[in-house]
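Trainee: the following comprises the amino acid sequence and a computationally predicted model.
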Amino acid sequence: MKNKGLYEVMSLIIIGVIYHVFLIYYFYNIRLLVFSLVVYFTILLVYYYNKKKTINRYMDFINILNNSLTYLINKDYEKVSKLQTLDETFDSKVNQKILRISEIWQKESLQGLKERENLQSLISDVSHQVKTPITNLNMLQSALAKGCISKEEKEKILKLMEGQLDKIDFLLESMIKSSRLETGLIQLNKVPLNLFDTIAHAIAGIGVKAEKKNIEIIVDCPQDYTLAHDKKWTVEALFNILENAVKYSPHNTKIEIKVEIWEMYTKIDIIDEGIGIPEKDFGKVFQRFFREESSYDKEGVGIGLYLSREIIQKQGGYIKVSSIIEEGSTFSVFLSNN
């Protein structure tokens with residue numbers, strides 16, 4: 001670049017000499033010649049000064065950009081956040097883009113860390129939950145291998161083994177659903193659909209169990225009400241709550257489903273007459289694999305309500321619970337009207 005600049009200056013001087021030789025040859029006017037020389041060299045100096053100034057500004061910008069990109073590559077987000085972005089200069093506009101890239105990288109980095117933590121938690125939970133049924137299967141298999149058992153005992157053991165295999169299958173299926181929801185592999189598609197029809201599909205899933213316990217299902221929902229929601233996954237969420245309601249309710253009781261249309265949300269109350277939930281556990285019941293002490297004798301692994309919360313939150317809603325021990329519980333599902 002230095003040689004190129006020198007070449008340009010020499011070229012301009014040569015052009016100037018030729019021009020002034022031309023002036024002397026044709027006009028031979030000393031005043032005109034002096035004036036022309038002064039003007040010419042003034043223009044030459046201004047040109048050289050402006051060019052040097054432009055090159056210095058360009059190099060300053062390159063250095064600033066290089067430093068900014070170095071901070072970004074080294075993930076020095078503290079220094080990136082201090083970059084000048086408030087001026088109406090080109091430097092500031094470039095820094096704004098770098099700052100935006102930094103924010104995106106930080107967000108993706110945190111998301112990746114969260115996903116890794118969720119995966120580690122998932123593996124730990126699966127390992128812990130599968131341990132019990134596998135231990136039971138080993139014990140049952142040992143009993144079956146003895147060979148000196150009656151046909152009735154053999155059938156009983158096989159039935160117990162089938163139950164443990166069903167538990168493992170249910171557990172793994174539930175874990176796959178929850179992990180896919182957490183990592184965003186499942187995208188919920190909200191479209192305007194009849195809410196009464198969605199509730200009816202959820203009830204159909206627990207109809208047989210409710211009938212065995214003579215539990216009456218009462219629905220209070222406008223039959224022509226349309227709400228934007230993902231039908232498949234909303235059915236899953238409501239089914240999990242209803243299944244728990246049936247599981248923890250005594251015989252000859254009732255479960256009520258009430259729908260209220262609010263300004264911003266549609267509220268779906270699922271009210272049972274079951275054993276109730278202690279107030280201290282209201283926040284815990286939606287945690288993965290949480291089971292209240294009094295429910296250990298009931299079938300289940302404690303993942304249904306967790307899945308329900310994830311599904312409703314993915315649709316911009318939320319769930320809350322209220323309960324009185326030995327009187328029943330109310331799970332309130334809030335689905336966004338937008």
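Mentor: Good, I have the coordinates.

Trainee: quick one: the strands in the stretch 201-338 of the chain, in order.
Mentor: 216-220, 226-229, 254-261, 265-271, 318-324, 328-336 (DSSP state E, counting those that start in this stretch).

Trainee: between these, which one is closest to Glu78.
Mentor: Comparing these by their distance to Glu78 (Cβ to Cβ), the top pick is strand 318-324, with 35.2 Å. Where C-beta positions appear, they are placed from N, C-alpha and C, glycine not excepted.

Trainee: return the list of strands paired to that closest one, each annotated with direction.
Mentor: Sheet pairing of strand 318-324 (DSSP bridges) gives strand 328-336 (antiparallel).

Trainee: how close does Trp105 sit to Leu72?
Mentor: As for Trp105, its distance to Leu72 is 8 Å (criterion: Cβ to Cβ, to the nearest Å).

Trainee: give me the more crowded residue out of those two.
Mentor: Here Trp105 and Leu72 are set side by side on neighbour count (other Cβ atoms under 10 Å), and the busier one is Leu72, at 18 against 14.

Trainee: quick one: the more buried one and Ile101 touch, right?
Mentor: Yes. Look at Leu72 against Ile101 with Cβ atoms under 8 Å: they come within range, at 6.5 Å.

Trainee: now the terminal residues of stretch 176-191, how far apart.
Mentor: Counting by Cα to Cα, to the nearest Å, the length from the leading to the trailing residue of stretch 176-191 is 25 Å.

Trainee: again, but for stretch 175-189
Mentor: Per Cα to Cα, the first residue of stretch 175-189 is 21 Å away from its last.

Trainee: that older thread, got the strands of the stretch 201-338 of the chain as JSON lines, with mean pLDDT and mean neighbour count columns?
Mentor: Putting the strands of the stretch 201-338 of the chain into JSON lines (pLDDT from 0 to 100; neighbours: other Cβ atoms under 10 Å) gives the following:
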{"stretch": "strand 216-220", "mean pLDDT": "94", "mean neighbour count": "12"}
{"stretch": "strand 226-229", "mean pLDDT": "95", "mean neighbour count": "19"}
{"stretch": "strand 254-261", "mean pLDDT": "95", "mean neighbour count": "17"}
{"stretch": "strand 265-271", "mean pLDDT": "96", "mean neighbour count": "19"}
{"stretch": "strand 318-324", "mean pLDDT": "92", "mean neighbour count": "16"}
{"stretch": "strand 328-336", "mean pLDDT": "94", "mean neighbour count": "21"}
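
Trainee: of those strands, which is nearest Val38?
Mentor: Nearest to Val38 among these is strand 328-336 (78.1 Å), distances taken as Cβ to Cβ.

Trainee: averaged pLDDT, the helix or strand harbouring Ile15. What do you get?
Mentor: Per DSSP states H and E: Ile15 is located in helix 2-26. Within the predicted structure, the mean pLDDT of helix 2-26 is 65.

Trainee: show me what secondary structure element comes after that helix.
Mentor: Sequence-wise, the next helix or strand beyond helix 2-26 is helix 30-73, with elements assigned using DSSP H and E.
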